[in-house]
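S.K.: Coordinates for the following, if possible.
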Amino acid sequence: MTHVRTKKQLGIRSLLLLIPLVFVSCGASSAVYSKLPLQRSELTECVILMHGLGRTYRSMGEMEEILREAGYHTVNLDYPSRKKTIEQIASDDVPEAIKECQVYDPEAIHFVTHSLGGIIARKVIKDNRPESLGKVVMLSPPNKGSNIVDALRESWYYRWVNGPAGQQLTTSVDSLPNMLGPVDYPVGIITGNDPAFFDIWFTTFIPGANDGKIAVSQTRLDGMTDFMVVSESHTDIMDADLVQEETVYFLKHGKFRD
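M.R.: Numbering: from 1, shown residues only. Reported below is the predicted structural model:
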């Protein structure tokens with residue numbers, strides 16, 4: 001099922017994250033996961049949050065708060081997206097988040113991801129599926145790669161800013177996202193179609209509707225459960241009220257609202 005929703009939200013904070021020719025905005029990464037205080041939860045379920053390329057766990061902070069308010073235990077993973085390959089992040093960093101989730105002895109472990117985080121989650125689940133895997137919500141995932149990477153990956157600036165993982169997000173049939181194959185677990189995908197004004201130049205590389213970084217068509221995934229398009233940009237999609245509401249709804253019901 002495909003849903004199209006229109007809700008305009010001005011991404012003011014995204015202006016502060018702009019660096020020209022960057023696939024996504026940058027930030028330092030050091031912690032393993034966020035250290036919000038433990039709280040009682042009415043649900044025996046845990047959500048691992050995974051940020052995008054060049055971001056930190058702080059970019060998923062508002063989403064984490066919404067999930068905790070909904071009763072979920074959370075582990076907001078921080079990983080060095082600019083320093084490692086997708087395979088290295090999947091094997092070195094994500095297992096720490098899974099262990100942290102297991103402290104709660106959860107009935108289900110869910111993933112909520114942004115951009116590159118979705119590809120890492122697919123890699124983790126394919127190679128070493130966690131016990132009690134629940135549902136996965138992917139926000140603007142480059143499931144079929146990005147044309148921006150095709151166009152800019154040879155640039156020294158792109159390589160410097162985005163690191164080895166950024167090199168792996170091409171649209172070629174042998175790129176990592178395209179080699180991971182279909183999914184056989186519940187996946188809900190939400191993507192945007194409203195590029196931020198500073199991404200207009202990027203849109204010249206992208207065919208059709210897009211969020212300023214990835215074409216809507218390239219976020220789709222064989223085997224996905226549900227799909228939604230919202231009027232948001234790539235950078236700020238996780239902070240949109242509608243997206244947060246639909247994320248919680250999918251985790252609870254395995255589908256987006258009609």
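
S.K.: tell me the centre residue of this protein?
M.R.: H114 (1.6 Å; CA atoms, centre = their mean).

S.K.: Is it correct that that residue is in contact with I237?
M.R.: Yes: contact criterion CB atoms under 8 Å: H114 and I237 qualify, at 7.2 Å. Backbone N, C-alpha and C define where each C-beta goes, glycine included.

S.K.: who touches both of those two?
M.R.: Common neighbours of H114 and I237, using CB atoms under 8 Å, 6 or more residues apart in numbering, are L139, S140.

S.K.: Distance of D222 relative to D184?
M.R.: 10 Å (CB to CB, to the nearest Å).

S.K.: for P207, same thing?
M.R.: Taking CB to CB, one finds P207 at 29 Å from D184.

S.K.: From the rest of the structure, what touches stretch 172-185?
M.R.: For stretch 172-185, contacts defined as CB under 8 Å, 6+ apart pick out 86-87, 119, 122-123, 125-126, 129, 133, 135-136, 142-145, 150, 168-169, 171, 221-224.

S.K.: who's in contact with the residue nearest to the centre of the chain?
M.R.: If you count contacts by CB under 8 Å, 6+ apart, then H114 has M50, H51, G52, R55, S59, M60, L139, S140, I237, M238 around it.

S.K.: Among those residues, which pair sits farthest apart?
M.R.: Greatest spatial distance in those: M50 and I237, 14.0 Å, computed using CB to CB.

S.K.: Neighbour count: the two, which is higher?
M.R.: Per other CB atoms under 10 Å, whichever of M50 and I237 has more neighbours is M50, with 30 against 26.

S.K.: The more buried one contacts Y79, doesn't it?
M.R.: Yes: M50 is within contact range of Y79, at 7.5 Å (criterion: CB under 8 Å).

S.K.: That'll do, ta.
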